[in-house]
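Asker: sequence below, structure please.
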Amino acid sequence: MPNGSKRIVLATIGSLGDLHPCLALALALRERGHRPLIASTEAYRSKVEALGLQFHVIRPDIAVRDPALMGPLMDMRRGPEVLLRRLILPVIRDTYEDLIEAVTGADLLIAGEIVFAAPLVAEKLRMRWVSAILSPFSFFSSLDPPVFPLAPSLDLLYRASPLVHKALLKTAQLATLSWWKPVRKLRRELGLRPGRNPIFYDKFSPNLTLALFSSEIARPQDDWPPNTIQPGYVYYDDAEAQSGLPAELSAFLDAGRPPIVFTLGSSAVHEPRGFFEESAAAAAIVKRRAVFLIADNPPPPRASSEMIAVPYASFSNLFPHAAAIVHQGGSGTTAQALRAGRPSLIMPCGFDQPDNAARVQRMGAGLTLSRNRYTASNAAKVLEKLLDDPQYSSKAEQIGDRLRAENGIGHACDAIEALFMRDAAIESNPSN
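Answerer: As a prediction, the model looks like this:
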């Protein structure tokens, strides 16, 4: 192993949108001579090991393709409670036990925000750890307030006093007090300090927090946790991206003017609720070619020679060919749409998506339409505005140019290695 090589465990639970930034970091750290290991749910083992990365399973194993699960998860108001209170927090002991095994012999733990066992593992073992935060929503800043999925209409209060937003955040903290009872119980059993609400506080590392999104969508705030660094977005281009687009899709793109791309990312696509049917009708109304990324859903019934439906295509390869992108507003999908420099119509489904949608709209790079109002006629009206007003395309192109010039992955790796260098300096001069 190269001199200075470190064993680094990257732990994540959730969708591909949560996994992909970890893969990007792991591959970049491996390029720098380190030994990364991905700790995640069993469903991702083959994907991780195909990249030549070590893998260790951690629970829970959330089946994002299960319709019985995705329905409640994609409920705008109940989704966060279903995820945290039913799926993640009740099995915190299982996650803790699995993660303790994963970090054996490790020099550093990097954890996604819903790996709530990570702070406990780090505290118990007295090891350094890094929190990886993928969207500005997760900082719950009262200076740059988020849009909550429980009450997206509160975006109207965006410019209200920080005191108003502090009061709203306090209400949210009180409402979730019972959710993290399993964490408090496990902390007592492990002999650890009581801790604070992990949804709002203890998910942030005292050593280093990486804000893995661009300052284009949210700038650093004074009420972010100490030791937070904002490298920018980190993008993962998988094997499909490196091999290009499917031949049928490439031929379609070459045969006419840029289409509208319709996608629901990697999770909401398993609970589409008529999205593709309404979208096909909307594309017909505005007389635009369309590409649908449908996963294992049936193609929309109105598909014609001006429309094509494929299970999957690399966002980084496809989005630059689009006239506009209609999507759910997940952090990864939003990042790729912004990097491509194409305007977005965002139909948020839950979690951080209403906040991402509001931010893109405030940036002038897109518009938003709520899921319960997403019909063919409504979507067509918004798409006409998005496509007919050149300001949206112009703004999106400007943002895309700046994003493509950023080096989020490089800055993130630099910050991680700087943590090791600080440790080495302390060890070599313990009197300071």
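Asker: tell me where the stretch 51-200 of the chain has strands.
Answerer: Shown for the stretch 51-200 of the chain, the strands assigned by DSSP state E, counting those that start in this stretch span residues 54-57, 108-112, 129-133.
Asker: now those as JSON lines including distance to Ala309 and mean pLDDT?
Answerer: (Each C-beta comes from the backbone N, C-alpha and C, glycine too.) As requested, these are arranged in JSON lines below (distance: least, C-beta to C-beta, whole Å; pLDDT from 0 to 100):
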{"stretch": "strand 54-57", "distance to Ala309": "32", "mean pLDDT": "98"}
{"stretch": "strand 108-112", "distance to Ala309": "31", "mean pLDDT": "99"}
{"stretch": "strand 129-133", "distance to Ala309": "34", "mean pLDDT": "99"}
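Asker: any chance of those in JSON lines, with distance to Ala335 and mean neighbour count too?
Answerer: JSON lines is the format used below for the strands of the stretch 51-200 of the chain (distance: least, C-beta to C-beta, whole Å; neighbours: other C-beta atoms under 10 Å):
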{"stretch": "strand 54-57", "distance to Ala335": "25", "mean neighbour count": "16"}
{"stretch": "strand 108-112", "distance to Ala335": "16", "mean neighbour count": "25"}
{"stretch": "strand 129-133", "distance to Ala335": "13", "mean neighbour count": "25"}
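Asker: Tyr233 - how many residues pack around it?
Answerer: The local packing of Tyr233 (other C-beta atoms under 10 Å) involves 24 other residues.
Asker: and Pro136, what does it touch?
Answerer: Counting by C-beta atoms under 8 Å, 6 or more residues apart in numbering, Pro136 touches 144, 146, 211, 213, 217-218, 355, 359.
Asker: can you pick the most crowded of the residues you listed?
Answerer: With neighbours defined as other C-beta under 10 Å, the most crowded of the contacts of Pro136 is Arg359; it has 29 neighbours.
Asker: can I assume that one sits in a strand?
Answerer: No: with DSSP: H, G, I helix; E, B strand; the rest coil as the criterion, Arg359 is helix rather than part of a strand.
Asker: isn't it right up against Ile217?
Answerer: Yes: checked against C-beta atoms under 8 Å, the pair Arg359 and Ile217 is within contact range at 5.1 Å.
Asker: ok so, going back, narrow the contacts of Pro136 to those in helices?
Answerer: 355, 359 (DSSP state H).
Asker: TSV please, covering the contacts of Pro136 and showing pLDDT and distance to Ala324.
Answerer: Putting these into TSV (pLDDT from 0 to 100; distance: C-beta to C-beta, whole Å) gives the following:
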residue	pLDDT	distance to Ala324
Asp144	95	27
Pro146	93	25
Ala211	99	28
Phe213	99	22
Ile217	99	18
Ala218	98	23
Asp355	96	21
Arg359	97	17
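Asker: Pro67: which of the contacts of Pro136 is nearest?
Answerer: Checking the contacts of Pro136 against Pro67 with C-beta to C-beta, the nearest one is Asp355 at 26.1 Å.
Asker: that closest one against Pro146, yeah?
Answerer: Yes: Asp355 sits in contact with Pro146 when judged by C-beta under 8 Å, with a separation of 4.5 Å.
Asker: which neighbours do those two share?
Answerer: Shared contacts of Asp355 and Pro146, defined by C-beta under 8 Å, 6+ apart, comprise 136-137.
Asker: tell me where the model's unsure across this protein.
Answerer: In the predicted model, the chain carries pLDDT under 70 at residues 1-3, 63, 150-159, 238-241, 302-303, 425, 427-432.
Asker: tell me the domain boundaries of it?
Answerer: According to automatic domain parsing, the chain comprises the domains 7-233+407-428, 241-405.
Asker: so of the ones you listed, which one's packed in deepest?
Answerer: domain 241-405 (a mean of 20; mean count of other C-beta atoms under 10 Å).
Asker: next, format the strands of the stretch 51-200 of the chain as a markdown table and append distance to Leu192.
Answerer: Written out in a markdown table, the entries for the strands of the stretch 51-200 of the chain read as follows (distance: least, C-beta to C-beta, whole Å):
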| stretch | distance to Leu192 |
| --- | --- |
| strand 54-57 | 23 |
| strand 108-112 | 16 |
| strand 129-133 | 14 |
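Asker: out of those, which is closest to Ser267?
Answerer: Comparing the strands of the stretch 51-200 of the chain by C-beta to C-beta, strand 108-112 comes nearest, at 14.5 Å.
Asker: tell me the strands beside the closest one, with direction?
Answerer: Strand 108-112 pairs in its sheet with strand 7-11 (parallel), strand 129-133 (parallel), by DSSP bridges.
Asker: now these as CSV including distance to Gln242?
Answerer: As requested, these are arranged in CSV below (distance: least, C-beta to C-beta, whole Å):
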stretch, distance to Gln242
strand 7-11, 21
strand 129-133, 24
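Asker: out of those, nearest to Arg288?
Answerer: Proximity to Arg288 (C-beta to C-beta) singles out strand 129-133 among the strands paired with strand 108-112, at 36.0 Å.
Asker: let me see the contact set for the nearest residue to Lys166 once chain neighbours are set aside.
Answerer: Nearest in space to Lys166, with sequence neighbours left out and distances taken as C-beta to C-beta, 6 or more residues apart in numbering, is Ser142 at 4.5 Å. Applying C-beta under 8 Å, 6+ apart to Ser142 gives the contacts 162-163, 165-166, 169, 223.
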